[in-house]
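# this one's structure only:
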């Protein structure tokens with residue numbers, strides 16, 4: 001049947017109704033003729049600035065004009081779309097006429113069916129609504145179709161279209177209703193396949209078979225049906241006792257079920273099982289003919305007998321050319337309907353597809369084929385993916401024999417397998433030599449989560465490829481060859497890494513045991529995994545237990561404390577006990593050194609023993625390394641400040657330097673820091689003192705000594721003294737800073753720091769000096785441009801922001817050949833706000 005316009009059709013002109021129409025337009029009208037049971041109907045359409053308006057009235061004769069007073073009860077949405085509107089009068093049979101309204105609005109297509117009622121005086125709107133041309137958020141969309149037969153009568157069909165439920169690319173109207181001759185909408189059985197396509201379909205006669213062969217893989221998955229009793233998924237579940245029946249009645253012509261199919265697997269044949277062997281279907285009936293709709297192909301299948309008379313029997317359909325399709329639909333046509341049936345239900349109980357491999361290959365041979373020809377390997381992977389447990393087991397047994405491409409296909413098959421089956425393989429692939437395989441394995445392990453924990457533990461215990469749940473002899477040999485006395489192989493490290501995420505409480509005891517035996521790089525990696533594991537409650541509880549485990553070696557317990565100290569929440573008690581057991585007078589140098597950070601963290605939590613231990617370490621430990629570490633760890637602990645000030649007088653330079661650094665920002669320490677700045681013979685200590693004085697609060701004594709240190713013999717001390725003066729806002733030292741910035745004999749790094757300090761101090765007297773250096777930097781070969789001094793001067797000028805800044809920096813922007821970084825610095829300085837507008 002052809003879909004075309006019939007009756008009196010008026011294609012309204014774009015000049016009147018196009019999107020450019022903004023003025024009031026004239027009313028275009030179509031009229032239906034009256035008869036003895038239906039009066040005449042006039043329907044008009046007018047374009048207005050706000051959109052289309054529809055008018056309608058009932059008349060006794062064909063002379064039925066409409067005007068603006070006869071507006072229809074329903075109107076389209078606002079706006080005018082790009083497509084010209086159309087009015088059609090349609091004869092629907094029985095001498096009845098309707099008018100089809102089709103307009104394009106701002107929100108899309110809108111249609112309506114209007115008729116003169118069989119009784120009454122007002123126009124009847126049979127149906128109206130939006131009929132989008134394209135999907136909206138995967139929701140069903142309304143559709144209106146007009147089908148005309150050879151006699152000129154039209155079927156007006158209303159239904160919905162769903163993108164996921166079509167006849168394999170053929171637009172398909174679902175839940176169809178037809179405008180009946182009584183002008184109501186009634187459900188209707190509809191053959192969605194066009195007559196032309198049905199006439200051109202291939203023809204196959206099915207052959208009855210008593211025993212259905214089990215396929216290598218279930219290729220078809222039912223995704224939906226046009227109607228039905230029972231779920232359409234029953235047709236692809238492998239159970240011959242779960243039927244599906246159409247829901248329209250009689251022969252069910254046009255009703256269909258859609259299946260998803262793998263496009264890379266050629267389907268050689270199909271098996272149709274009609275009636276379940278034992279399950280009861282009320283008023284069931286068997287199809288006589290069905291259509292198989294695929295991508296680009298349509299096949300008419302004739303059943304050789306009434307399948308309802310043969311419960312459990314199947315019928316084989318062999319194709320002349322294998323089907324390669326991503327979609328397959330079974331469309332009902334004729335049926336063996338018993339004469340006595342009052343409400344027959346045409347039924348199927350299973351649809352099974354067989355690939356070109358069925359009957360020739362096994363799961364094992366397909367698993368081996370994964371590493372072969374690309375097309376054959378892809379087909380084998382698709383079948384194995386749908387082959388259930390036997391297919392997965394075959395892949396597990398043969399994956400180690402495959403090349404990289406084959407393993408890629410195999411892992412895709414394993415992705416769909418239960419975690420209990422796939423995790424042992426993926427756990428061993430965490431240390432694969434192929435990066436993409438490692439990433440794939442990590443992703444799958446993380447998806448499985450705690451279900452993968454046992455497989456990971458087996459790798460920790462036995463090694464990659466050596467686990468009882470998955471043994472790969474070649475990989476196991478490599479694992480054993482890589483084993484070293486004080487180092488872990490890559491497979492165990494990778495498994496520990498993942499187990500720390502998916503089941504932290506199960507990896508903590510294993511790591512704790514290993515920490516006492518491994519070398520430094522391995523322990524470092526294990527501490528990282530342990531830190532991640534203990535960031536979760538389960539891992540922290542496990543860490544608390546291990547902290548109390550006295551059977552662990554001292555190095556292992558120290559490493560546990562090194563991890564625990566980063567977050568003592570919930571484990572302070574066990575950590576304190578573990579610390580007190582290790583912090584003994586006879587502890588080794590390494591132990592005492594490594595315990596200082598833990599002591600500091602516990603001291604911050606008001607642990608009195610840890611605080612005493614820190615003080616003792618700072619003042620009495622015979623090793624400078626331990627005293628230095630204790631001083632460094634004590635930074636910010638108020639109770640330790642007197643001991644840190646005392647440490648400024650320690651005989652060891654590293655201890656004094658650490659003490660100076662740890663007292664940064666402590667106003668009470670200013671006199672002691674100034675003393676170190678004045679008297680210490682070591683530049684590193686004087687530099688540390690100068691650096692710490694930067695944020696230690698106002699002190700004229702500190703400012704004066706920092707100013708004198710601008711003449712220090714050590715460049716590092718001069719540099720930090722200048723920096724500190726700028727941060728402190730010591731305007732009394734600006735003259736000395738200007739002299740330093742202007743001294744060509746001074747190291748350029750020190751001069752740059754002096755320039756920054758002048759900017760911080762808002763020293764307006766340095767503007768001319770800074771301008772000179774900035775101007776010299778226009779030459780790309782000048783020392784000022786090459787060293788960074790020029791850019792520093794430009795930045796300082798931007799901070800000072802003198803009134804004539806634009807004039808001073810103009811050569812840096814307008815002159816050709818200026819280095820790009822100087823030009824950029826000048827532009828930034830001009831756009832900067834005046835930081836020195838308020839008095840210092």
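Arrived safely, thanks for sending. These numbers come from a predicted model, not from an experiment.

# where does this structure have low pLDDT?
1-25, 136-138, 164, 249, 251, 837-840 (pLDDT under 70).

# Mark out where each domain of it begins and ends.
9-187, 195-355, 583-655 (automatic domain parsing).

# closest to residue 791 out of the ones you listed?
With C-beta to C-beta, the closest approach to residue 791 among the domains of the chain belongs to domain 583-655: 34.0 Å. (Each C-beta comes from the backbone N, C-alpha and C, glycine too.)

# distance between the ends of the closest one?
Terminal residues of domain 583-655 are spaced 21 Å apart (C-alpha to C-alpha, to the nearest Å).

# Include distance to residue 479 and mean neighbour count when you put the domains of the chain into TSV, please.
Formatted as TSV, the domains of the chain follow (distance: least, C-beta to C-beta, whole Å; neighbours: other C-beta atoms under 10 Å):
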stretch	distance to residue 479	mean neighbour count
domain 9-187	47	17
domain 195-355	33	19
domain 583-655	32	19
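
# May I see those domains organised as JSON lines, with distance to residue 800 added?
JSON lines is the format used below for the domains of the chain (distance: least, C-beta to C-beta, whole Å):
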{"stretch": "domain 9-187", "distance to residue 800": "59"}
{"stretch": "domain 195-355", "distance to residue 800": "71"}
{"stretch": "domain 583-655", "distance to residue 800": "35"}
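
# To residue 525, which of those domains lies closest?
Of all the domains of the chain, the one in closest proximity to residue 525, counting by C-beta to C-beta, is domain 583-655 (17.5 Å).

# So residue 30, which state does it fall into?
The local conformation at residue 30, judged by DSSP: H, G, I helix; E, B strand; the rest coil, is strand.

# how near is the nearest residue in space to it that is not next to it in sequence to residue 52?
Counting by C-beta to C-beta, 6 or more residues apart in numbering, residue 30 lies nearest to residue 87, which is 4.3 Å off, once chain neighbours are set aside. Per C-beta to C-beta, to the nearest Å, residue 87 is found 11 Å from residue 52.

# now the helices: where do they sit in the stretch 151-300 of the chain?
Along the stretch 151-300 of the chain, counting by DSSP state H, counting those that start in this stretch, helices occupy 195-199.

# just to revisit the earlier point, which stretch of helix or strand covers the residue nearest to residue 30?
Assigned by DSSP states H and E, residue 87 belongs to strand 86-93.

# Packing partners of that strand?
In terms of contacts (3 or more C-beta pairs under 8 Å, 6 or more residues apart in numbering; DSSP states H and E), strand 86-93 is packed against strand 9-11, strand 28-32, strand 96-105, strand 154-161.

# Compute the inter-axis angle for that strand and strand 96-105.
150 degrees (axes from the mean of the first three to the mean of the last three C-alpha atoms, to 10 degrees).

# Identify the residues contacting the helix or strand hosting residue 365?
Assigned by DSSP H and E, residue 365 belongs to helix 363-369. For helix 363-369, the surrounding residues in contact (C-beta atoms under 8 Å, 6 or more residues apart in numbering) are 216, 357, 361, 376-377, 380, 383-384, 387, 390-391, 393-395, 397-399, 401-402, 410.

# From those, keep the buried residues only.
Those of these that meet the buried threshold are 216, 357, 361, 377, 380, 383-384, 387, 391, 393-395, 398-399, 402, 410, by 16 or more other C-beta atoms under 10 Å.

# Looking at these, which is nearest residue 142?
residue 383 (40.1 Å).

# Distance-wise, check the nearest residue to that closest one once chain neighbours are set aside relative to residue 360.
What sits nearest to residue 383 in space, not counting adjacent residues and going by C-beta to C-beta, 6+ apart, is residue 217, at 3.9 Å. Distance of residue 217 to residue 360, computed by C-beta to C-beta: 14 Å.

# so how far is residue 277 from residue 242?
In terms of C-beta to C-beta, residue 242 sits 12 Å off from residue 277.

# quick one: contacts for residue 514?
For residue 514, the contacting residues are 488, 522, 526, 556, by C-beta under 8 Å, 6+ apart.

# picking that back up, which among the domains of the chain is found nearest to residue 534?
Residue 534 lies closest to domain 583-655 among the domains of the chain, at 14.2 Å (C-beta to C-beta).

# burial of residue 537, as a residue count?
Residue 537 has 11 neighbouring residues, counting by other C-beta atoms under 10 Å.

# how near is it to residue 256?
According to C-beta to C-beta, residue 537 stands 53 Å off from residue 256.

# again with residue 724
84 Å.

# just residue 799 next, same as before
Counting by C-beta to C-beta, the gap from residue 799 to residue 256 is 77 Å.

# what does residue 431 give?
Residue 431 sits 50 Å away from residue 256, going by C-beta to C-beta.

# Am I right that residue 601 is in contact with residue 568?
Yes: using C-beta atoms under 8 Å, residue 601 is in contact with residue 568, at 6.2 Å.

# Would you mind saying which of the domains of the chain lies nearest residue 680?
Using C-beta to C-beta, these put domain 583-655 closest to residue 680, at 8.2 Å.

# And for the residue nearest to residue 743 when sequence neighbours are not counted, the neighbour number?
Counting by C-beta to C-beta, 6+ apart, residue 743 lies nearest to residue 751, which is 7.0 Å off, once chain neighbours are set aside. Other residues within reach of residue 751 by the criterion other C-beta under 10 Å amount to 26.

# can you list contacts of the strand or helix carrying residue 751?
Here residue 751 sits within helix 748-760, counting by DSSP H and E. Helix 748-760 is contacted by residues 715, 718-719, 722-723, 725-727, 729, 734, 737-738, 740-741, 743, 746, 766, 770, 773, 783, 787-789, 792-793, 795-797, 799-800 when judged by C-beta under 8 Å, 6+ apart.

# what about residue 581, distance to residue 704?
Counting by C-beta to C-beta, the gap from residue 581 to residue 704 is 51 Å.

# same question, residue 765
Separation of residue 765 from residue 704 (C-beta to C-beta): 20 Å.

# same thing with residue 384?
84 Å.

# quick revisit: out of the helices and strands packed on strand 86-93, nearest to residue 591?
strand 154-161 (76.0 Å).

# Hey, what's the angle from the closest one to strand 96-105? Just curious.
Going by the same axes, to 10 degrees, strand 154-161 makes 40 degrees with strand 96-105.

# Which strands border strand 154-161, and is each parallel or antiparallel?
When pairing is defined by DSSP bridges, strand 154-161 lines up against strand 141-148 (antiparallel), strand 174-179 (antiparallel).

# of these, which approaches residue 83 most closely?
strand 141-148 (14.8 Å).

# That closest one: how far from the chain's middle?
Relative to the mean C-alpha coordinate of its chain, strand 141-148 is positioned 39 Å out (C-alpha atoms, centre = their mean, to the nearest Å).
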